[in-house]
Structure formats: structure tokens, C-alpha cells
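Asker: Pasting a predicted model and its sequence here:
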Amino acid sequence: MADLSAGEAAPSGALARLLRRKMALFGLAIIALVVAGAVFAPWIAPFAPNDQMFDGLTLEGAPMPPGGKFLMGTDLLGRDLFSRLLYGAQTSLVIGVVANGLALVIGTLVGITAGFFRGWIGGILMRFTDLMMAFPALLLAICLAAIFQPSLWIVALVIALVNWVQTARVIYTETSSLATRDFIAAERTLGASTSRILFRHILPHLLPTIIVWGTLGISTTVLLEATLSFLGIGVQPPTASWGNIIFENQTYFQTAPWLVFIPGAAIILLALAFNLVGDALRDVLDPTQRGRD
Amino acid sequence: MAAYLIRRLVQAVLILLGVSFITFFLLYVLPADPVRQIAGRSATAQTVENIREQLGLDRPFVVQYARYLGALVQGDMGRSYLQKTEVAELILSRLPATLLLMVAAIFCELVLGLTMGIVAALWRGRAVDQTLMITSFVTVSAPQFVVSLLLLYVFAVKLGWFPIGGYGTFAHLVLPAVTLGILGSGWYSRMMRSSMIDVLRADYIRTARAKGLTRVRIVLRHALPNAILPIIAMIGIDIGVFMGGIVVVESVFGWPGIGQLAWQAIQRVDIPIIMGVTLVSACAIVLGNLLADLIAPFIDPRIRLR
């Protein structure tokens, strides 16, 4: 009985069904590419990311266009753009995983607690969530990031503090409907402890939702990090991030557009990849969504 | 209905109170010192202390917050630390620009999003549909600043059709509004597509078809008015999203709205302005959501306002 309820939540065929979707495959391929680029950056990158090269600028001191010795050209300081992009991928992924993981944990905890215990704890938590929903999120993130001395971890923390709210709402709704289902009542009658019900019965049912929101959330996180870095209050130079490469070079974007649009394309592709995979996961994991498209 | 409205308005006031408290608290505990910004680098310790006292920043948190609230209730949002102008006045002077951009942006979102959604629904499963849905994914995956810079590069720098930035004429409005329109269109097109598909399945559409009406007439007269209702509710939520996200687009295009005001204030730790803009944005979000909820029963009569 217990195994049945845990087993139906994550069918083993889900992965196979996911891999049958072209768009999901495309997304997974991009993610794999970016991860590989980030992990093997020290070996792939033709130059050190922060190396300001003497021959990295034209005689007039302008950045070099793509092609030739520098695959994607150089930036204002004569650094190799391709190498910086590879190292920037590390930043994006670390923040994507850390910030989003944190947001997911906070959101899930708040959602489960509020949904399962109801009463005054649930009331307070959900009112607080409503409050956070009314916050202009980007404004809040910008404000926090600008005031702290931004570092990779601060940026991740700020993003997590802003992004947990959606997850909390979704998990809350699901938990509160699960909590009224018969099999939970049956477990209670059998004398199962609260923690057993929560971890053995509620959590496995929430897993698909957590996986879907976790994947979609990485996309939001990547975009938010890029935006903060673009405003100059995200990850600080010389550490490369796709957003701060654009921030550092935007004044030159009329004459050296590749410095803005190559990292811009990288951001869009990575965010798109996580959105595609997340969306496909939702179709695959959520039986109520199946057959809608 | 009246009781519901009153309850929601009371809730709205409570939420705004909460937002004001959290923002005020964050600005109080965070390691940013507005006094240093005002006094400048060369100021003596005495000057710094004097300014701190003048602004009442030497008082305990509770006193400061109570004072702020007391003034706020009377419509006084305080004075900017650096510009010495009333915050309410600053915000009011910037609001028209932001509202203009908002209306234009929502117009673009709707034109793009609804067209894409309707076309995708009518040719469901075909290549057009798939292309449009991928496009909608791309638009929701693109950061505002990349799209802003891309449009600026193509249409202002290369083609010279529009000015690089600024405010004043219709030409200035086009690029920022289209940027926001493109970015928001993805959500609308997906929503419109699924709403339209639901409506097209309905019995009355089959009846209309059986009567021998033309396809165009069925879509425009019978399907569209019904399919569009969820979209109206979405606009309410969109207003909130818009208010939070306007900082980037306004600063890239040099659009003198409250987003830019907020961004400048944040960089200078001008707390009264930050508070003011946050509250105005939160107001917009709360009202937008209320609007969406009020429309909901008209979309689905099973929903009752409680």
C-alpha cells in the first residue's frame, strides 16, 4: 500500500517519454554543452579569462572582432571573449543551481508546512507568502544586491530570497489537497506518525511538482543573475559572468556588437533550454496535463 | 460583492503595511549608510552626526518607522535625502512616463500575443503552431536588457529609424514598448492558444459551423470574445510584473519613469525614494491582482467571490 503510493508518483517510463520529445532533447543538449563548457573550461579555454593580452586590441585600442586568433573576438580590455564565456558559464550554473536549490528548499518547506498543518502556522506562512507576492521582486533583488557588497554567494542568496514564493504557493496548494485524501486519512487511522506521513507519503507525491518547478526555476534564476550582473550589482568583475560581460562592454555595443550579443545569445539559449526541459517534464510527469497539446 | 470588496481592500492595506515594514526594516539593518552619501567623503565626523540627527536616523528603528507611517497616512512620503524634493512630487512627476510606457507595452503584448495565440490555435499541431510556440518560449527566456540592446542596435544604430533613447515623441516610445511587448507576448500567446483551443471544442462553435457560418465569422464573432476573457484577467497580473521589471528597460532607453528614479535612488541609498517607489509598485501589484480576481467570476461562473 505504502509502496504503491510512492511508486505511482515517479513512473520509471518518465525519462523515456522525456527523451522522445524533440524540444526536450534540444534543451538537454544545450544544458549538456554548457555544463561541459563550464566543467572543462580550464582545458578548453584558449586563454586565461582575465588575461589582458597585448595583441588582444587593435592598434587603435579597440576590441578585436571575432575570427582569427580569437574565436569570438576580444573585449574592451583585450581579453578573449570565448574564454570568458566558458568561465562565465561556471558562474551562471553555480548560481542557477545554488540559488534555485535554496529557493526550492525554502519554498517546499513553507508550502508543505502551511499545507499540512493549516491552523495558525499555515495561516501566518501563507499570509507572509501573499505579502512576498506583492513585493516588486526585481526591485527588491536590485535593492538588496546593491546594498550588500555583491559576491557570487550574496547574489545567489538574494535570488533565492526573491524566488521561493512561487514554489511555496504551488506546493501549498498540492499539499493541502493531498492532506485531505483518503490514503492519508487511512495512514493516520493506522497510527502513522506525522513525520512518516510527511516523508513517506506526502513528499513522494510532491516530487514531480518539485522537479518541474526546480527546472523551470533555474531559467528564472539564470535570467535574474544576468540582469543583476548587467546592472553592475551582480557578480563582480573580474570574475566573468554572462551578464557582467555585457555590463562591462555595453558602452561599446555600437561598434563591437559581438561583445553584447554573443553573451546575450548564450543567456537566452541556457534559459530556453531549462524552460524547454521543464515544460516537457511537466507534460511527462503530470498526468492531468497529458494530451492537452 | 460589496462585502468581498471591502474585505479585499482591508487585506490590500494590510499587505501594503507589511511591504512597508519589511522594506523599511531591510533598509535599516542593511550595511548601507545614507548619511555618508549625503555628507560626502570629506565630511567631518561632526557633520555626519549632525545630518544623522537632522534626518532622525539616530533614533531607534521603531520610532523611525512609526514616524514614517504617521507621515504616510497623511499622504507625506518624506523628502529625498539628496534632491531635497518631496518624494510624492518626484514620483508623480515620473508616473506619467511609466504609465504611458505601460499602456503602450501592454498594447504591444496583446497585439503580438493574441495574434500568435489565435494563429497557433487555428493551425494546431502544424508547423506554424510549433514555430510560434517555440518563439513564445524564446521570448520568455530572453532577458530584458538583451532584447532592448538588440532592438536598439538594429533599429536605432543600424537602420536609424528610431532615436537611441530619450523621451518626448512617439518615436521614442516605440522601441521600449516593443521590447516589453515582445518579452510579454510569450505568456499571452500560450494562454490565448489554450483558451482558444478550449473554446473551439465547445458545442456552440459546432452549432455555428453547422449553421454554415464562414470560418472567419466563427472565429471573430463566436470564439474570440469567449476565448479572450482569461486574457483580461492576465492583464491585471501583468501590471504587477510590469511595475517590478521596469527598472532595466527604463535605464537602457533613458526613459524618465519611476523605474529609473528607483534605480538612481538605490545607487545613492536615497531611502525615502526607495520606500516610495516600492510602495507604489506594491500598490499596483495588489490592485492588479484584485482586478484579476474580480474578473474571474465573469470568465468562469462557477467561481464565486468569497
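Answerer: Thanks, I have it.

Asker: Now do the contacts for residue B:149.
Answerer: Residue B:149 makes contact with A:246, A:250, A:253, A:260-261, A:264, B:252, according to C-beta atoms under 8 Å, 6 or more residues apart in numbering or on different chains. For every residue, glycine as well, the C-beta is placed using N, CA and C.

Asker: quick one: secondary structure of it?
Answerer: Three-state secondary structure (criterion: DSSP: H, G, I helix; E, B strand; the rest coil) places residue B:149 in helix.

Asker: Equivalent analysis for residue A:100, please.
Answerer: From three-state DSSP, the assignment for residue A:100 is helix.

Asker: That one: neighbouring residues, count only.
Answerer: Residue A:100 sits with 29 neighbouring residues when counted by other C-beta atoms under 10 Å in any protein chain shown.

Asker: Also the one 3 residues further on?
Answerer: The burial metric for residue A:103, expressed as a neighbour count using other C-beta under 10 Å, is 28.

Asker: That one reaches residue A:216, doesn't it?
Answerer: No: between residue A:103 and residue A:216 there is no contact under C-beta atoms under 8 Å: 11.4 Å.

Asker: got a list of what the residue in the stretch 1-150 of chain A that chain B sits nearest to touches?
Answerer: In the stretch 1-150 of chain A, no residue comes nearer to chain B than residue A:136, which is 3.5 Å away by C-beta to the nearest C-beta. Residues in contact with residue A:136 (C-beta under 8 Å, 6+ apart) are B:240, B:243-244, B:278, B:281-282, B:285.

Asker: of those residues, the lowest pLDDT goes to which?
Answerer: The lowest pLDDT within these belongs to residue B:244, which sits at 66.

Asker: and the residue most central in space within chain A, what is it in contact with?
Answerer: Geometric centre of chain A, nearest residue: residue A:218, 1.4 Å, by C-alpha atoms, centre = their mean. Applying C-beta under 8 Å, 6+ apart to residue A:218 gives the contacts A:96-97, A:100, A:274, A:278.

Asker: tell me the secondary structure for residue B:165?
Answerer: Using three-state DSSP, the structure places residue B:165 in coil.

Asker: Also residue A:149?
Answerer: Following three-state DSSP, residue A:149 is assigned to coil.

Asker: Got the phi and psi for it?
Answerer: phi -80, psi 110 (degrees, to the nearest 10).

Asker: how many other residues sit next to it?
Answerer: Residue A:149, neighbours per other C-beta under 10 Å, totals 9.

Asker: Look up how far residue B:48 lies from it.
Answerer: Distance, residue A:149 to residue B:48, by C-beta to C-beta, to the nearest Å: 21 Å.

Asker: Contacts made by stretch A:149-158 with the rest, please.
Answerer: Residues contacting stretch A:149-158 (C-beta under 8 Å, 6+ apart): A:91, A:94-95, A:98-99, A:102, A:141, A:144-145, A:148, A:225, A:228-229, A:233-236, A:239.

Asker: What parts of the stretch 101-250 of chain B come near chain A?
Answerer: Residues of the stretch 101-250 of chain B lying close to chain A by C-beta under 8 Å from any C-beta of the partner chain are B:134, B:137-138, B:140-146, B:149-150, B:152-153, B:157, B:194, B:240, B:243-245, B:247-248.

Asker: where along the chain do the helices fall?
Answerer: No chain specified, so I'll use chain A. Ranges of helices within chain A are A:2-7, A:14-19, A:22-39, A:41-44, A:81-117, A:119-133, A:137-147, A:152-179, A:182-189, A:194-196, A:203-230, A:242-249, A:258-285, based on DSSP state H.

Asker: my bad, chain B
Answerer: According to DSSP H, the helices that chain B contains are B:2-29, B:34-39, B:45-54, B:61-73, B:87-122, B:127-141, B:144-151, B:170-200, B:203-210, B:215-217, B:224-227, B:229-253, B:258-267, B:271-299.

Asker: Tell me the buried residues in the fourth one?
Answerer: Of the residues in helix B:61-73, those scored as buried under the neighbour-count criterion (16 or more other C-beta atoms under 10 Å in any protein chain shown) are B:64-65, B:68, B:72.

Asker: For the chain, name the helix or strand with the lowest mean pLDDT.
Answerer: Since you didn't name a chain, this refers to chain A. helix A:2-7 (a mean of 41; mean pLDDT, DSSP states H and E).

Asker: Chain B, not that one
Answerer: helix B:34-39 (a mean of 74).
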